[in-house]
Structures are given as C-alpha cells and as structure tokens.
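> would you be able to build a 3D model of this:
(one chain, ligands or ions: 1)
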Amino acid sequence: MAVFQELRQPVLSLPWGNDTLPLEVLPFLEQFDHIVLWFGNDITGFNAARQLSKKLGYERCSLFRPLTPVPTPMDALRQGKSLSRILKFATRAGHQFIQHFKDLRFEVQSELSLVEQVKGIQFKRFPLLNKLLKGHRRGELTIVTGPTGSGKTTFISELSLDLCIQGVNTLWGSFEIKNVRLMKTMLIQFARKNLATHFAEFDKYADQFEQLPMHFMAFHGQESLKRVIDTMDHAVYVHDISHIIVDNLQFMMGMGQLGDRNRNFDRLTQQDEVVAAFRQFATSKNCHVTLVIHPRKEPNGEALHIGSIFGSAKASQEADNILLLQLVENMKVTTQPKKYIQVAKNRFDGDLGSMLLKFDKDSLSFGSKPSTSKPSTEENIQETIQPNNQLHSEHSEEASDEEL
Ligand SMILES: Nc1ncnc2c1ncn2[C@@H]1O[C@H](COP(=O)(O)OP(=O)(O)OP(=O)(O)O)[C@@H](O)[C@H]1O
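Residues are numbered from 1 along each chain as shown. You can find the predicted model right below:
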C-alpha cells in the first residue's frame, strides 16, 4: 500500500514468497506493458524474478540483477528511500533469444563474487557430494548410471528428497517403478525408519510428507517424448518446479533393458533426440533435470566409465554432471560389494572423485543422519574413495578437500 501511495502505480505484493503468484492472477497482468519485478538483489530473488519474467514475457519485464545496490521494498520504505529512484536500477529482462555482455554483466560478476550462492543448494544427507559437485543448481543436466538393481532409484529418491525438504520444488517421472512403490521408499527415507515395523507412526510422517513440494508424473512404462515434455512444461509453469527426475530413459522410450546385441541405429538416434530434448528443457526452463540411463552392458566386475552410458556419446556430451554408481568387490570382508557414487563429469567446477555409500536397510537410506553434537557415531561416517581406488574413511562433516 505504501509503495502504491508513493508511486501511484498499480502494485502487487507477494507476502508469502516470490514464487507464490497464483496462476489465476496472470490474465489480469496482461493489460500492463511494463512490469518491474522487485524481488531483492541476491541470487534467489533474481532467479525468482527471471522465472516469473519467463511466464510474463521477457520483453515487458524489468528486474534487479544480483549485486545491484538496492534494498528490498520493505527496507527501502523503512529507510525512507525514494522508490522511484530505486526503480531506475531495474533493467529489462531482455530479449528471449538475443543477449549482449551488458545484459549478463551483473550475472558474470555475481558468479565470481557470490560464490556461496552460485554453487547452489547444499546436500544435507550427502555432505561429501558438496565437496565434489559443490551443490545442486538450476538449469543443469545430470546423468546417473549403474548396474541393474544396484540402487540407482533408491539413491536418487533420497537425493531428491533431501533437496525437496529444503524447498526445491520437485517433479518425479518414474517410468519403471510404480509411484506407490516409489512414494513408499521415499516416505521411509523421510521418516528414517521402517514404517512397516513402526506403522503407528505412519500418519505422523505422511502428514509431514504431504506438505513437501514433491510431485509425480502419472506415467508408467513407455510414453511419448512430447507428452512427457508437455507435462514437464506444465509443471514448471504451474508449480515452479526446479528439479525433474526421469527414471529411467530406457523405460520411458519403451526400450526396457537393452544389451549390446539389441542396439540399432534408429534407437540410438531416438535416444539422442530424447537426451537433446531434456538438455534443451533444462537450459531453457532453468530447471535441473536428472536422467537415469542404464549402462550399455553389465560391467562384469569392471568399473563403469563415462563411455558405459547406453547409447551414443551424445548423453555424456550433453550432461553437466555424470554420476556412476559403482560396485567394488570386497570379498575379504563380505560377499556384498561395496557401492560408491563416482562423479565422473562436473562442468561447474571440474572436481572429480567418489563417495562411498553405506546402505541402511531399515530406512532404505544411503545418507548420513543429522549430526548430534559431534559427528562421532558410525552412522555419520561417510567414506571417500580416490579415483585410483584407495579407500578413505572420514567424518562426513569434516572431510577436507585434499581427501577428495
Ligand atoms: N546397498 C544395498 N544393499 C542392499 N539392498 C539394496 C542396496 N541398495 C539398494 N538396495 C535394494 O535393492 C533394490 C533395488 O534397488 P533400486 O531399485 O534402487 O535399483 P536400481 O539400480 O534403480 O534398479 P534398476 O536397474 O532395476 O532400475 C531395492 O529393493 C533396494 O531397497
């Protein structure tokens, strides 16, 4: 109201957050030729403004780029600053397809100076992954592969849950496993206990889980790329989704489990098109897409590598991050192979290395538990492994950079 009084311009306030503009309001905004999105000058505010300017149309929106010296509207009012002068710092969101260095200058500057914000949301359950990937960022394509039944879905389920709990709006496309099964796994991971044996607590955890910004595509098995992309598009528009998981590519394409002998040119071309479409989607919608792809053949005791991803080299070229779920035989100690996640490609920062996964069958969890006072219990220990396969065991919160 105070902003309106000073500016004498129509003002819309979003008291519950920048991403809470109800869709029904959008048609009312059609009448305005110019809209200033004043969401603050940090990366979060800028990303929210950029997302909304996509919905409203880049050409008619202005926003405050990160590091612009402007307070929030509330602070400006409190400090008695001239709002109309502040509005002059807003710059046009730009043309959708043409850019000049001056359009991105502040963003380049913030990449260099707001390092903590740029590296993205930190993984709470996988602290060692932060050392490698640095965090989870919008607009990237992550490809995950690993042998059949090695735990890819279980791991990605927990990873996405970890981010969703921190407010990352998430959309799951589970083409291989029915949503009920996936939700059951996720709910157990959320509760960190076996809810079949603690069934009395089901409602308590289900009520909390229901509040998470976690959505699921109602597809199962083969589905056309167009329908999937349309659904993703709709979800990004309506629910401001910033992380989409597709598990897995072969099932979505109706290829099931393929070995080398089944390879043929059409299928490889088709897969390349699908990968390119997801890549394009991640970039243009500024949404992180995690794609699970089976390896081209079972590793037969050998470690997987970037070339093990099924299909042509397209997938590994398009990906920003490649995660390999590796199995390491450890017959002296147990008949169960050890598992670790290897970061085999990392475009953001270039750090490569691996993180050992310890599976807790009750909670279906690989992640570390929240630390109490000191990370001294066995559960809090995550192990790292060097690319040369030397094993290290470190407290998850305290592992140093050199150890990775
Ligand atoms: N380290 C582990 N030890 C024992 N069981 C595990 C481990 N990791 C996962 N599991 C279990 O193995 C089963 C298969 O796991 P999951 O579905 O995550 O594997 P996947 O790699 O996604 O399989 P697929 O290749 O069929 O897609 C699940 O029941 C899961 O609980």
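> just give the nearest non-adjacent residue to Glu318, would you?
Arg279 (4.3 Å; Cβ to Cβ, 6 or more residues apart in numbering). (C-beta placed from N, C-alpha, C; glycine too.)
> same question but for Gly367, I mixed them up
Arg125 is the one closest to Gly367 (Cβ to Cβ, 6+ apart), at 2.8 Å.
> dump the helix or strand where Phe278 lies to CSV, keeping only the CA atoms.
Per DSSP states H and E, Phe278 falls inside helix 265-285. Below are the C-alpha coordinates for helix 265-285, written out as CSV (Å, rounded to 0.1, in the frame of the first residue of the first chain):
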residue,chain,number,x,y,z
PHE,A,265,20.6,-47.2,-35.4
ASP,A,266,17.0,-46.0,-35.0
ARG,A,267,17.0,-46.5,-31.3
LEU,A,268,20.3,-44.7,-30.8
THR,A,269,19.1,-41.8,-32.9
GLN,A,270,15.8,-41.8,-31.0
GLN,A,271,17.7,-41.7,-27.7
ASP,A,272,19.9,-38.9,-28.9
GLU,A,273,16.8,-36.9,-29.7
VAL,A,274,15.3,-37.5,-26.2
VAL,A,275,18.6,-36.6,-24.5
ALA,A,276,18.8,-33.4,-26.6
ALA,A,277,15.2,-32.5,-25.7
PHE,A,278,15.9,-32.9,-21.9
ARG,A,279,19.1,-30.9,-22.3
GLN,A,280,17.2,-28.1,-24.1
PHE,A,281,14.5,-28.2,-21.4
ALA,A,282,17.0,-27.9,-18.5
THR,A,283,18.6,-24.9,-20.1
SER,A,284,15.6,-23.0,-21.4
LYS,A,285,13.4,-23.6,-18.3
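> please begin residue numbering at 40 from this point
All set: I'll call the first residue 40, so the last point we hit is now helix 304-324.
> following element in sequence after that helix, please.
strand 327-331.
> so what are the domain limits for this structure?
For the chain, automatic domain parsing gives the domain ranges 41-155, 159-442.
> do the longest one and the ligand meet?
Yes: applying Cβ under 6 Å from any ligand atom, one finds that domain 159-442 is in contact with the ligand at 185, 187-193, 215, 287, 378, 398, 403.
> any idea how far that domain is from the chain center?
Remark: domain 159-442 is offset 10 Å from the chain centroid, using Cα atoms, centre = their mean, to the nearest Å.
> separation between the residue nearest to Gly406 and the ligand?
15 Å (Cβ to the nearest ligand atom, to the nearest Å).
> can you tell me the SS state at that residue?
coil (DSSP: H, G, I helix; E, B strand; the rest coil).
> how many residues are close by Asn287?
25 (other Cβ atoms under 10 Å).
> spatially nearest residue to it, not counting backbone neighbours?
Nearest one to Asn287, counting by Cβ to Cβ, 6+ apart, is Val331 at 3.9 Å.
> neighbours around that neighbour, how many?
Count around Val331 with other Cβ under 10 Å applied: 27.
> surely it and Ile195 touch.
Yes: using Cβ atoms under 8 Å, Val331 is in contact with Ile195, at 6.4 Å.
> so what sits against both of those two?
Both Val331 and Ile195 are in contact with Val183, Ile284, Asp286, where contact means Cβ atoms under 8 Å, 6 or more residues apart in numbering.
> tell me what the first one is bridged to.
I take that to be Val183. Val331, Leu362 (DSSP bridges).
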